[in-house]
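Asks: Everything below, folded, please.
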Amino acid sequence: MTTITLEQANTISAAAFAKGRDLGLKPLAVAVVDAGGHLISYQRQDGASIGRLQIASGKACGALFLGVSSRTVAEMAADRPTFIATAATVAPQGLIPAPGGVIVVDKDGSVIGAVGISGDTSDNDEACTLAGISAAGLSEQ
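Replies: Residues are numbered from 1 along each chain as shown. A predicted model of the protein is given here:
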């Protein structure tokens, strides 16, 4: 497999939304991108605020841009704020230093895309991201 399929992206979104409902979270938005940061799918729950596309895709694409989860990007921002602020200005699809963006790999460990979720606390966003990836039978980096 070389990329996340649309069917897998839809499974990721559905499972992430189900996890969010189970946890009683605020309305979520899910962005699924391929390894090049191109949007495969974007879905938002009713009531999700206007900026969720940019934040969710920024979490996913920022993870790809730096090769680490957006949780690690947040840790990097605490340690090296100037680097992350500067990197954000050159990241083509954005860079959001907060948990919720996770790189997805195939069975051989090759990067096939990323998922970003926004809408609740960053830790809850990440929990839903991981639930969606798992439901699609994929693995995170």
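Asks: where do the helices sit along the protein?
Replies: Using DSSP state H, the helices of the chain run over 6-23, 52-66, 70-79, 81-90, 122-135.
Asks: so which of the ones you listed is the most packed in?
Replies: Ranked by mean neighbour count, these are led by helix 52-66 with a mean of 25 (mean count of other C-beta atoms under 10 Å). (Glycine included, C-beta is placed from N, CA and C.)
Asks: Give me the residues contacting stretch 132-141.
Replies: Residues from elsewhere that reach stretch 132-141 (C-beta atoms under 8 Å, 6 or more residues apart in numbering): 4, 8-9, 11-16, 19, 30, 68-69, 102-107, 109, 111-112, 115, 117, 130.
Asks: Then stretch 3-22?
Replies: Contact with stretch 3-22 is made by 27-28, 30, 32, 34-35, 40-41, 43, 45, 104, 112-113, 115, 117, 119-120, 124, 127-129, 131-138, as judged by C-beta under 8 Å, 6+ apart.
Asks: avg pLDDT for it?
Replies: The average pLDDT within stretch 3-22 is 98.
Asks: Use 455 as the first number from now on
Replies: Happy to do that; since the first residue is 455 now, the last one works out to stretch 457-476.
Asks: Tell me the gap between it and the middle of its chain.
Replies: 11 Å (C-alpha atoms, centre = their mean, to the nearest Å).
Asks: coming back round to it: who wins for proximity to residue 552 among the helices of the chain?
Replies: With C-beta to C-beta as the criterion, residue 552 lies closest to helix 576-589 of those, at 4.3 Å.
Asks: pLDDT averaged over the closest one - what is it?
Replies: The average pLDDT within helix 576-589 is 98.
Asks: now do stretch 541-548
Replies: When pLDDT is averaged over stretch 541-548, the result is 94.
Asks: No further questions, thank you.
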